[in-house]
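In: what shape does this take:
(chains A, B and C)
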Amino acid sequence: MDDLARLVAIEEIKTLKSRYFHALDRKNMTAYAATFTDDAEVDVRGVMSTEEQGETLAGFDEKAVLVGGKAMAELVATTMGDIKTVHYGYMPQIEIMSETTAKGMWGLEDRLWYPEGAPHRFFHGFGHYHETYRKTADGWRIASMRITRLRILME
Amino acid sequence: MDDLARLVAIEEIKTLKSRYFHALDRKNMTAYAATFTDDAEVDVRGVMSTEEQGETLAGFDEKAVLVGGKAMAELVATTMGDIKTVHYGYMPQIEIMSETTAKGMWGLEDRLWYPEGAPHRFFHGFGHYHETYRKTADGWRIASMRITRLRILME
Amino acid sequence: MDDLARLVAIEEIKTLKSRYFHALDRKNMTAYAATFTDDAEVDVRGVMSTEEQGETLAGFDEKAVLVGGKAMAELVATTMGDIKTVHYGYMPQIEIMSETTAKGMWGLEDRLWYPEGAPHRFFHGFGHYHETYRKTADGWRIASMRITRLRILME
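Out: Coordinates of the predicted model:
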């Protein structure tokens, strides 16, 4: 691929990830599902824990690996439907592997405010997204996602 | 427009928005005013409130719509002149509509630390900027701005 | 330089800075050192203080100016080796000066969680990075860095 096509693809993937966050926090589950390929593999293990802080900060049904945007949208609707969330990504490294494949890493910060009566009031996490992307007939989509954590705070 | 011209415009608009934030938080009101067109329409309704949290978190003189960078700079100088602020934008979606028009959305987080004696100590907000841009003889400028909120915290 | 070469350089510098943050927070000191030129000048004065808040928020051995990525990696290993950190940059302004020189400014937010028994529990800072870059045989590297602060909070 030439430089121009590569830069166009990088900007499209950044925009895809922006749509991902906007849909997630505005709870637009149709738009959220559409940011993934139908066969996207999302490893949600470790989403709510860190190595040294262990697996005790649950409140999230961590299945091993989910497949497809629809399954991800259902997970979000079920576990975060009544939780006010603010997620964001920053400082991406996007690498275009071919005309239809790419990988990327993003910094991640997420805040979850739980409703009255929940065991916790506030979750505040830091870490990284590790992703791959595939260009479909409808443009670039997230083909796989895994999250690693730097730090988690709970109140 | 071809891809290259479009990417150049996107990068220029990202730089414009960076100048906006730097001028706002460093209280450089001349530079801040210069990030808007003279006829920019800025809808500041909803800046300090969220739908479910209501309009009670004031402390900000919310006029309906301000016109022009100079009016915006005056509003900022009046309402935030002695407030230490840190604003930032993230995860933009910039769409170039023509050689001289564009629109964009940004994630927004803002922190305001009020001076001693103020009714509040600290404001912490989350939301999105919805903007349009116009290319003038002096480069891209913000032509309209509206803010929607995800969450506001006050201490 | 033509527009395409300039955009390629800007994206490479953004990726360089992403590698900087990832290496810093994951404590990969070899990768961290490699983001600087061997003669990089890093002015660490003011890193842990603000003008109005004074120089009293130390806990950091502030030498005047460090030279080279190796010296920076040693400073980080010494002062932050057992501190959990999350740094990030946002809203860059990258200016390409020639085929091998550039300058940039980034918003900065950093969080440091100190270990048990330290004088402080948590550092939270806001400010800007002011940097220059040089293109070496191994790609773009940070050639100088200086930090100015907007706000520092300590607990």
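In: A:A23 sits in which helix or strand?
Out: In this structure, A:A23 sits in helix A:3-25 according to DSSP states H and E.
In: could you measure from the closest residue to A:F122 other than its chain neighbours over to chain C?
Out: With C-beta to C-beta, 6 or more residues apart in numbering or on different chains as the criterion, A:F122 has its nearest non-adjacent residue at 4.3 Å, and that residue is A:E155. Yep, even glycine has a C-beta here, placed from its N, CA and C like the rest. Taken as C-beta to the nearest C-beta, to the nearest Å, the spacing of A:E155 relative to chain C amounts to 14 Å.
In: which ones are touching A:E155?
Out: A:120-122, A:124 (C-beta atoms under 8 Å, 6 or more residues apart in numbering or on different chains).
In: which SS state does A:R45 fall under?
Out: Look at A:R45: counting by DSSP: H, G, I helix; E, B strand; the rest coil, its state is coil.
In: what is the burial count for it?
Out: Residues contacting A:R45 under the criterion other C-beta atoms under 10 Å in any protein chain shown number 13.
In: ok, it touching A:T148?
Out: No. Distance between A:R45 and A:T148: 10.3 Å, which falls outside the contact criterion (C-beta atoms under 8 Å).
In: all the helices of chain A, in order from the start?
Out: A:3-25, A:29-33, A:69-80 (DSSP state H).
In: which one of these lies nearest to B:K14?
Out: Across these, the minimum distance to B:K14, taken as C-beta to C-beta, is reached by helix A:3-25, at 10.2 Å.
In: one step back: just the CA atoms of the helix holding A:A23, as CSV, please.
Out: Provided in CSV are the C-alpha atoms of helix A:3-25 (Å, rounded to 0.1, in the frame of the first residue of the first chain):
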residue,chain,number,x,y,z
ASP,A,3,1.5,6.2,2.0
LEU,A,4,-1.7,8.0,1.1
ALA,A,5,-3.8,4.8,1.2
ARG,A,6,-2.2,3.9,4.5
LEU,A,7,-3.0,7.4,6.0
VAL,A,8,-6.6,7.2,4.8
ALA,A,9,-7.0,3.8,6.4
ILE,A,10,-5.5,5.0,9.7
GLU,A,11,-7.9,8.0,9.8
GLU,A,12,-10.8,5.7,9.0
ILE,A,13,-9.9,3.4,11.9
LYS,A,14,-9.5,6.3,14.3
THR,A,15,-13.0,7.4,13.3
LEU,A,16,-14.3,3.8,13.7
LYS,A,17,-13.0,3.8,17.3
SER,A,18,-14.6,7.2,17.9
ARG,A,19,-17.9,5.8,16.8
TYR,A,20,-17.3,2.8,19.1
PHE,A,21,-17.0,5.1,22.2
HIS,A,22,-19.8,7.5,21.3
ALA,A,23,-22.2,4.5,20.8
LEU,A,24,-21.1,2.8,24.0
ASP,A,25,-21.5,5.9,26.2
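In: how far does it sit from its chain's centre?
Out: In terms of C-alpha atoms, centre = their mean, to the nearest Å, the centre of helix A:3-25 is found 13 Å from the chain centre.
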